[in-house]
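Student: Quick one, fold the following:
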Amino acid sequence: MSEEKSNAQGAVQTTGHAWDGDLQEFNNPLPNWWLWAFYATVLFALIYWILYPAWPVAGTFTKGVLNTITFVDSDGNEKTTHWNTRSLLLQELQEGSAAVRSQEYLDRITAASYTEILADADMMAFTRSMANGIFGDNCAPCHGAGGAGVTGLFPNLADDDWLWGGSVEEIEETISNGHYGFMPAFKDTFTEQQLDDVASYVLSLSGHAADASAVARGEQIFQTSEGGCYYCHTAAGTGLRSQGAANLTDQIWTIANVAETASAGEKQAAVKRVIANGVERKMPGWSGRLTPTQIKLLTVYVHELGGGQ
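Tutor: Down below sits the predicted model:
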């Protein structure tokens, strides 16, 4: 029996190593399919090294023979470089089928009037999609992703209150050239009592309760050369858009955070601070940073955010 086992084992090729007298290591050949798969991976690696960037060499690397990716860089210059996934992506974004369709829409929007764009459902859908990205990159850092702004700092673009006008032409002017808004500080001009009185009158314009006698005194200051507030805010308090003056008769507050204050005293204090310290805000013009078509897209987008006029 032991001899048969020995003969059977002898028919199998071993490495010649033995442990504990009879523990041997077989030397079975690898399957042919595995060998051919291994040879194929070696061949693939060699071809890859020739075609694509691969080996580091003295501070640089082998570029490969696929050196024909051409794209337009951020400065508008055509650039040809060795194969790499970043350049390939840029080329696809600029020359792929989606880029071609996008350019067709951009050409349509460039040639169309605002009236035509607003009336065309397809162009409006494209505008919302494209302008959302432009807004996010350039406008959202101040006005927020949804255009809600920050009270006291940046205007809310999602309401229907327009400091400089809400028509598409006025919005385009604002985006292109920017605006500088200024209201002088009255802390050195008015007494504390006068500041309180004017704040009471301003609150009364939008329907907030205030002391009647203080409102009457504040109106006298507001409506005469003593304060001169009516020059910019008008006698009715609705504000001159040519000056970017706020409408004081609605419930929308761009500087004084009246809406989020609880008591009447806090509301008056918030308005008083604005009157005392004044306002100075500047929005930069974007005509030198964005193309006319991008400004047109943004104009329609912002117009739609606030309901438009």
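Student: And the residue nearest to the spatial centre of the chain, how far from residue 145?
Tutor: The centroid of the chain falls nearest to residue 136 when counting by Cα atoms, centre = their mean (1.3 Å). Distance of residue 136 to residue 145, given as Cβ to Cβ, to the nearest Å: 6 Å. Backbone N, C-alpha and C define where each C-beta goes, glycine included.
Student: What of residue 45?
Tutor: Going from residue 45 to residue 145 by Cβ to Cβ gives 46 Å.
Student: Same question for residue 68.
Tutor: In terms of Cβ to Cβ, residue 68 sits 39 Å off from residue 145.
Student: Pass me the low-pLDDT residue ranges in this protein, would you?
Tutor: In the predicted model, the chain carries pLDDT under 70 at residues 1-11, 67, 307-309.
Student: Would you map the helices across it?
Tutor: 2-10, 32-51, 85-95, 97-111, 114-119, 121-138, 140-143, 168-177, 192-205, 212-222, 230-233, 264-277, 292-305 (DSSP state H).
Student: Columns distance to residue 243 on top of these, output as a markdown table?
Tutor: Formatted as a markdown table, these follow (distance: least, Cβ to Cβ, whole Å):
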| stretch | distance to residue 243 |
| --- | --- |
| helix 2-10 | 104 |
| helix 32-51 | 65 |
| helix 85-95 | 43 |
| helix 97-111 | 32 |
| helix 114-119 | 25 |
| helix 121-138 | 25 |
| helix 140-143 | 21 |
| helix 168-177 | 13 |
| helix 192-205 | 17 |
| helix 212-222 | 16 |
| helix 230-233 | 5 |
| helix 264-277 | 16 |
| helix 292-305 | 20 |
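Student: The ones you listed: which one's closest to residue 150?
Tutor: Of all these, helix 140-143 sits nearest to residue 150, with 7.7 Å by Cβ to Cβ.
Student: Could you pull up the contacting residues of the residue nearest to the centre of the chain?
Tutor: Counting by Cβ atoms under 8 Å, 6 or more residues apart in numbering, residue 136 makes contact with residue 145.
Student: ok, it to residue 301 distance?
Tutor: Residue 136 is 11 Å from residue 301, by Cβ to Cβ.
Student: dump the residue contacts of residue 177.
Tutor: Residue 177 touches 285, 287, counting by Cβ under 8 Å, 6+ apart.
Student: same thing but 10 Å
Tutor: 283, 284, 285, 286, 287 (Cβ atoms under 10 Å, 6 or more residues apart in numbering).
Student: Could you pick out the buried ones from these?
Tutor: 283, 286 (16 or more other Cβ atoms under 10 Å).
Student: Can you lay out the contacts of residue 177 as a markdown table showing distance to residue 100?
Tutor: What follows is the contacts of residue 177, written out as a markdown table (distance: Cβ to Cβ, whole Å):
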| residue | distance to residue 100 |
| --- | --- |
| 283 | 35 |
| 284 | 33 |
| 285 | 32 |
| 286 | 27 |
| 287 | 28 |
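Student: Out of the contacts of residue 177, which two sit at the greatest distance?
Tutor: So, the contacts of residue 177 by Cβ to Cβ: farthest apart are 283 and 287, at 12.5 Å.
Student: Give me the common contacts of those two.
Tutor: In contact with both residue 283 and residue 287: 175, 177, 178, using Cβ under 10 Å, 6+ apart.
Student: Which of these sits closest to residue 214?
Tutor: residue 178 (37.6 Å).
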